[in-house]
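Enquirer: here's my sequence, what's the structure:
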Amino acid sequence: MIFTKPLVVNSKPAQRQLKERDALRSCFNINEKRFAQEMRAHGLNVNAGRIPDEVFREFDNVTVERMKLDEGDAFLNDLMPMSRSLPIGKLTFENRRASDAGNVQTSMTGQVGVKFDSVDFSVEGTIIPVHDNGYSRNWREFSANQSEGFDSLIDDQRENVSAHRNHLADTFLDGHLDKNGQNIVVDGRSWSGMRNSTKVAQVDFGIGGVNFDFTDTAQTPDAIKLAFIQVRDIMRLTNKCSHDLTYYISTEIASNWERKFSTQYVGGTIAEELLSLRGVGAIKESDKLGSGAATAGNEMMAFPMNSLVRPLVGMGISTMAQPRQIYNANYDFVVASAVGWEVRDDFFGNTCAMSGKD
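Expert: Numbering: from 1, shown residues only. Next up, the predicted model:
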């Protein structure tokens, strides 16, 4: 999702995206230089609005810093290394799901006739929308920034990338929504988020399901373990997911699980006890979780650290200056990316992604 040296070296789409971004930045400076020349030719004094390379580099450093910063939504940091770069022209990315095949039979003679079979396929797809936000500086204020080392622009960049990161985390949880709050649909496909997607095992923590509040400090550690095993088994047994999953829990659950598992012997916390169970690769806290639960904080989700759940990136997060057409136009900057979320299930609907709440 961000331009790093390993990504650019190993991905041709990322290389093309980086060249296009740099070309847009160069065009801005060329436009500003030509604009200044024309104004001076008519006897007017102007300040060149060219942005030095070191300022753009600082923009990029801020982007990397903010996108790698753990602000509670730890799942975003875990997802970034698994991202796959794609051409920006791809509005959707398709993957094929194959069924089982092969009718094996046993006989003493081998003369009962072979039952021929073949694999059935279905196609799933992931949409890759564009996300953007921006900031603006008055043309006179921009000239003042030049004398002060562009400090305020760097602050603008930091806060806008933080907002962009926050938005991406929200789209992972709640889906790609348009300005009216409706799911964006392309070719009949959409992403409704971990909390709602049919590709994700939706586990009910309420009365109709597990019927357990993992934030309740009155619950015994043994009761919490039994309820968690019930959730774990929905993935390992019902969905036949053999991968170790990373479980992300709300801050309220994390606080409750800091209690000692037993007062009868020297041992670890409840979280450490649950971490010893099969299929549990890690337990991490995210303050993004909890708002989707009826009982405050009673929410968790899980997925493996492999390509079954990953970001699909049509354009890495970048900042571009917009060309100006008149001398007193504002200086506008756009922070943009094209990111979709791929969650793969199999031909029979089994999945390794889980979302649980009341």
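Enquirer: local confidence estimate at T217?
Expert: On pLDDT, T217 comes in at 96.
Enquirer: report the secondary structure state of it.
Expert: coil (DSSP: H, G, I helix; E, B strand; the rest coil).
Enquirer: contact partners for it?
Expert: By CB atoms under 8 Å, 6 or more residues apart in numbering, T217 lies in contact with N256, R259. Backbone N, C-alpha and C define where each C-beta goes, glycine included.
Enquirer: quick one: it from Q264, how far?
Expert: Look at T217 and Q264: by CB to CB, to the nearest Å, they are 19 Å apart.
Enquirer: and what of A271?
Expert: 18 Å.
Enquirer: domains of this structure?
Expert: What automatic domain parsing lists as the domains of the chain is 5-94+125-186+310-343, 201-308+348-357.
Enquirer: turn those into JSON lines, columns for distance to S192.
Expert: Converted to JSON lines, the domains of the chain look like this (distance: least, CB to CB, whole Å):
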{"stretch": "domain 5-94+125-186+310-343", "distance to S192": "4"}
{"stretch": "domain 201-308+348-357", "distance to S192": "11"}
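Enquirer: ranges for the strands of this protein?
Expert: Taking DSSP state E to define them, one finds strands in the chain at 84-85, 92-98, 121-127, 130-137, 201-204, 245-249, 280-285, 299-304, 309-321, 331-343, 354-357.
Enquirer: can you give me the neighbour number for the residue nearest to G356 when sequence neighbours are not counted?
Expert: Spatially, and ignoring its direct neighbours in sequence, G356 is nearest to V203 (3.7 Å; CB to CB, 6 or more residues apart in numbering). V203: 19 surrounding residues under other CB atoms under 10 Å.
Enquirer: surely V203 and V231 touch.
Expert: Yes. Look at V203 against V231 with CB atoms under 8 Å: they come within range, at 5.8 Å.
Enquirer: spit out the residues that contact those two alike.
Expert: With CB under 8 Å, 6+ apart, V203 and V231 have common neighbours V210, M354, G356.
Enquirer: and which of those is nearest to L86?
Expert: Using CB to CB, M354 is the member of these that lies nearest L86, at 26.1 Å.
Enquirer: who are the neighbours in contact with the closest one?
Expert: Contacts of M354 by CB under 8 Å, 6+ apart are V200, A201, V203, V231, I234, M235, L245, M301, A302, F303.
Enquirer: and the residues you listed as a markdown table, adding pLDDT and distance to K284?
Expert: As requested, the contacts of M354 are arranged in a markdown table below (pLDDT from 0 to 100; distance: CB to CB, whole Å):
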| residue | pLDDT | distance to K284 |
| --- | --- | --- |
| V200 | 97 | 18 |
| A201 | 97 | 19 |
| V203 | 98 | 18 |
| V231 | 98 | 16 |
| I234 | 97 | 19 |
| M235 | 97 | 16 |
| L245 | 98 | 11 |
| M301 | 97 | 10 |
| A302 | 98 | 10 |
| F303 | 98 | 12 |
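Enquirer: which single one of those is nearest to S83?
Expert: Of all the contacts of M354, S83 sits closest to F303, with 14.2 Å by CB to CB.
Enquirer: and stretch 198-209, which residues are buried?
Expert: For stretch 198-209, burial by neighbour count (16 or more other CB atoms under 10 Å) applies to K199, V200, A201, Q202, V203, F205, G209.
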